[in-house]
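Undergrad: Just to be clear, the model below is a prediction. Sequence and coordinates:
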Protein chains: 2
Amino acid sequence: MTGAQAKGKIMHHTLGDGDYGAFRTMSEKVSCFVANIETTAEGERAQVIDHAIRECVIQRRPVYIYIPIDLLMAKIDGASLNKQIDLERPYDQRSGDQAVHAVLSRLYSAKRPAILVDQGARSFGVSGTGFRAQNETLTHIQALRQVREFVTKTGLPTFVTVMGKSNVDESLPNFCGVYQGTSSSPKVKEHFEASDVVLGIGIIPSDYNTGGFTGKSVSVKVKVQGSLTVVEDSQYSGISMSRVLDELTNKIEKKPGWNELAIPSVKDQHVTSTALESSETITHSWLWSHISSWLQSEDVIITETGTSNFGIAMTELPRNTQVIAQWLWGSIGYATGACEGAAVAAKELGMNRTVLFTGDGSFQLTATALSKCLLCHAGGSPYSSRTGTMLRHGLTPIIFIICNKGFTIERYVHGWEASYNDIMPWKYTHLPEAFGAANDKYQTHQVKTKAQFRHLLQSNEFTKPTRLQVR
Amino acid sequence: MTGAQAKGKIMHHTLGDGDYGAFRTMSEKVSCFVANIETTAEGERAQVIDHAIRECVIQRRPVYIYIPIDLLMAKIDGASLNKQIDLERPYDQRSGDQAVHAVLSRLYSAKRPAILVDQGARSFGVSGTGFRAQNETLTHIQALRQVREFVTKTGLPTFVTVMGKSNVDESLPNFCGVYQGTSSSPKVKEHFEASDVVLGIGIIPSDYNTGGFTGKSVSVKVKVQGSLTVVEDSQYSGISMSRVLDELTNKIEKKPGWNELAIPSVKDQHVTSTALESSETITHSWLWSHISSWLQSEDVIITETGTSNFGIAMTELPRNTQVIAQWLWGSIGYATGACEGAAVAAKELGMNRTVLFTGDGSFQLTATALSKCLLCHAGGSPYSSRTGTMLRHGLTPIIFIICNKGFTIERYVHGWEASYNDIMPWKYTHLPEAFGAANDKYQTHQVKTKAQFRHLLQSNEFTKPTRLQVR
């Protein structure tokens, strides 16, 4: 039956009210563009789909393409397939020149300028050709290159937010740590708040990212955003972050005195093992100080909405690592699925290890990502066999499940003894076998003491994985 | 921070655009009523919430109640707590009298009238006090009582749709089987299509339910629906199905000849084991003919979008069983979650066994329902500890996982050899242990031959479960 014949009929996979557009309408709230191929003139269908792809890439947000089933096999003009979709962000040269001038003037007039790099630097900080990066170099690393060049040339004290963690090379001498309002470590807070002008890059002033709307990052007044630059009361629009950043790097000149600005020692903000209690119980502060030295360059690290998000924020990172954490939407269970996707990408891009830190409660929500199958109706696409599952596709992430028998953060919020914060005592190390993994395709470890954990981190097989690892 | 203070700020668990109403707006498409407590006058909040609850019950559809965080603790008038919410459906007596008269006239003028009972008979066929049924008798059984009384009094040939399966007591002498257009068994089709007037009860003319819009049930012209009765071109609104059905039962008089109408033998439409091949491989037709005699009165049976939905349709059911299957939305993975909920309800209502039939591919999508935890932010509600998980709450469903190594129905649709129809070879019998079940809380069985399966069905421990069972 074609879509036209079905019109108004009650089909399965619908709400039964004859309205096939219900989810298209609902998706408008979460999409930056909705392409309705049903109402698009026949000659314009290819163009509208290309436009949707462009908006998705440019705006870094979902789009929704609605294709009625009877148009799935409709022929369209294939000419546009020969033309690469223009993924260059618009750049209004006049607006850009004014913005760069305004930013530089404001920095030059400051006594203690500083830089704050946030999540937007990753989302938008790629060049227009970033999407070809697959065959060249990692998109993220390329974005980091631009930030690194700017930060290096200025030598200015440079901070990141928790959402911006890993967006600045932490080995740079002017990297100052993570600023998060009143939740920051004291020295970072002192240095950041002593600055008189903060240049923000890709600022997202959300609750967690600003330490609950406290401190100075709540109202950063000079900022380079995705397609907009703001200098106090002036807004310069139609200009891409990437190009503004390159222009700033080209034009900026170090001022006398910038080199003398105090930089807090990054080491100070991280908990060091010497400062820790002597019990053999593994605590968070002990854990993260040991993880720091175990991490390697070009690792992809995924942390979960929970203790591991906070843990990674206080962990010193090697160069060119990438942290993936979902601070804004904050849905637990995300990290295990994200690990699956990241491991696929890391393999494709030749990155180093993919490492997941999650909690037992969060892990239980999406544990089947270890093995689950992907039902792909579209079929045939090269991604259908690549996307889906860790075991099935021979991915080798290292998964740390931090077990504290329930939703510990939720216990602090409400119901310390409440049964709804309890979880079932899974045997996590039994899962790969139950999920059908061959014996030589995974390795599991259970560690309960600091000595066991230290020993594990020193083991060569664990550190350079050829199999999926569940701790 | 209160909602008012947060206004426009970027909070976690939002889309980061300062709009806290995005999901309220999106939910309008899937809710029959949206209560926006933010814009409701202070004195009317209790009333609006009560109204939402009423609409949810009356219309049997979801409602959405939007309460900003700063109003969660706002005091409201508690007086309405002393007044039971009116859950009686409206009944326009004049419209009702006309409807009953019209239905009876049409039936009396027919030569071969028949009855077709569909899903709506379950959704709407309860009396206004149905929600108190928890302490009296099962809502569903009560609805069945009304249908049964009507069907019994008329003695007319009575059919069900696949979605209406279990809505008519199959031991009634005038029960004729499942009608599904051209997909029906030949004798059922012949008898149903020989009728000249069909009275439908709770008709949903969806694709699967009508055998792909074939045959006679597509356009049933006399029907008693949730709040509407239709007799050819006349519609009678504002009248509840339950009351119309009771009035019809009271007033209808058997016409001469109704007793002589041919009734196909229900046995004929079910595949019987004698008709089956001699191989030891378990086939679907063999399986369901054996399941039929194993099922017991007051069992709750859940089947999945896949082979088991089709299987149960051809399986003869004992009295007062209830089949739960999701033919319309058709999302695989539903059945395992539904089994969890049904097992909680069955326990509360003192029903017999809860039995799930699912496929390996479908089961993998929601397998953690066996054990998963429920994170309940609201806390404290009596349901937070009751909802959630089979193992955790000592539920004892019997779970049949029909293993055919992938998405077999999808293979028929597209891609017989395609890898996207493959699944991981889980060790299903290992799952309860991995999910933390104590040894005495579950039992697992794996059967591969007809002999093994027959033996299992005869085992007492399996048939009267005190533990969770995974086949």
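TA: That came through fine. Residues are numbered from 1 along each chain as shown, chains lettered A, B, ... in the order given.

Undergrad: Touching, residue A:447 and residue A:453? I think so.
TA: Yes - Residue A:447 is in contact with residue A:453 according to CB atoms under 8 Å; the separation is 4.6 Å. In this view, the C-beta of every residue, glycine as well, is placed from N, C-alpha and C.

Undergrad: Give the residues shared as contacts by the two.
TA: residue A:282 (CB atoms under 8 Å, 6 or more residues apart in numbering or on different chains).

Undergrad: So the two - more neighbours on which side?
TA: Neighbour comparison, residue A:447 and residue A:453: the larger count goes to residue A:453, with 21 against 15 (by other CB atoms under 10 Å in any protein chain shown).

Undergrad: remind me which residues of the stretch 301-450 of chain A are low pLDDT?
TA: A:372-389 (pLDDT under 70).

Undergrad: show me the contacts for the nearest residue to residue A:193 once chain neighbours are set aside.
TA: Computed as CB to CB, 6 or more residues apart in numbering or on different chains, the closest residue to residue A:193 that is not its neighbour in sequence is residue A:216, at 5.3 Å. By CB under 8 Å, 6+ apart, the contact set of residue A:216 is A:179, A:181, A:192, A:193, A:195, A:198.

Undergrad: Check residue A:55 too.
TA: By CB under 8 Å, 6+ apart, the residues touching residue A:55 are A:32, A:33, A:61, A:63.

Undergrad: Just to be sure, it is in a strand?
TA: No - the assignment for residue A:55, made by DSSP: H, G, I helix; E, B strand; the rest coil, is helix rather than a strand.

Undergrad: The residue lying closest to it once chain neighbours are set aside: neighbouring residues, count only.
TA: Residue nearest to residue A:55 in three dimensions, not counting chain neighbours: residue A:33, with 4.1 Å by CB to CB, 6+ apart. Residues lying near residue A:33 (other CB under 10 Å) number 19.

Undergrad: Return the set of residues that bridge with residue A:33.
TA: Beta bridges link residue A:33 to residue A:63 when assigned by DSSP bridges.

Undergrad: mind listing what it touches?
TA: For residue A:33, the contacting residues are A:51, A:52, A:55, A:56, A:59, A:63, A:64, by CB under 8 Å, 6+ apart.

Undergrad: Return the closest of those residues with respect to residue A:113.
TA: Of all those, residue A:59 has the smallest distance to residue A:113: 30.0 Å, by CB to CB.

Undergrad: From chain B, how far out is residue A:166?
TA: According to CB to the nearest CB, to the nearest Å, residue A:166 and chain B sit 19 Å apart.

Undergrad: Now do the contacts for that residue.
TA: A:160, A:301, A:317, A:321, A:322, A:323.

Undergrad: farthest pair in the residues you listed?
TA: Largest separation among the contacts of residue A:166 by CB to CB: A:160 and A:301, giving 14.4 Å.

Undergrad: Could I get the phi/psi values of the closest residue to chain B within the stretch 151-300 of chain A?
TA: Nearest residue of the stretch 151-300 of chain A to chain B: residue A:206, at 3.8 Å (CB to the nearest CB). Dihedral pair for residue A:206: phi -90, psi 170, per degrees, to the nearest 10.

Undergrad: For the spatially closest residue to it that is not a sequence neighbour, the count of nearby residues, please.
TA: Closest residue to residue A:206 apart from its sequence neighbours, by CB to CB, 6+ apart: residue B:10 at 3.8 Å. Residues contacting residue B:10 under the criterion other CB under 10 Å number 19.

Undergrad: Isn't residue B:10 up against residue A:204?
TA: Yes - the criterion here is CB under 8 Å, and residue B:10 meets it with residue A:204 at 6.6 Å.

Undergrad: list residues touching both of these two?
TA: Residues within reach of residue B:10 and of residue A:204 at once, by CB under 8 Å, 6+ apart, are A:328, B:16.

Undergrad: Which residue comes closest to the residue nearest the centre of chain A once chain neighbours are left out?
TA: Closest residue to the average C-alpha location of chain A: residue A:324 at 3.9 Å, with CA atoms, centre = their mean. Nearest residue to residue A:324, sequence neighbours excluded (CB to CB, 6+ apart): residue A:302, at 4.6 Å.

Undergrad: What is the nearest of the contacts of residue A:55 to chain B?
TA: Checking the contacts of residue A:55 against chain B by CB to the nearest CB gives residue A:61 as the nearest, at 9.6 Å.

Undergrad: Apart from its chain neighbours, what residue comes closest to that closest one?
TA: Leaving aside its sequence neighbours, residue A:61 sits nearest to residue A:32 (CB to CB, 6+ apart; 4.0 Å).

Undergrad: need the contact list for the one you found.
TA: Neighbouring residues of residue A:32 by CB under 8 Å, 6+ apart: A:55, A:56, A:59, A:61, A:62, A:63.

Undergrad: Quick check: residues of the stretch 151-300 of chain A near chain B?
TA: Residues of the stretch 151-300 of chain A lying close to chain B (CB under 8 Å from any CB of the partner chain) are A:204, A:205, A:206, A:207, A:208, A:209, A:212, A:213.
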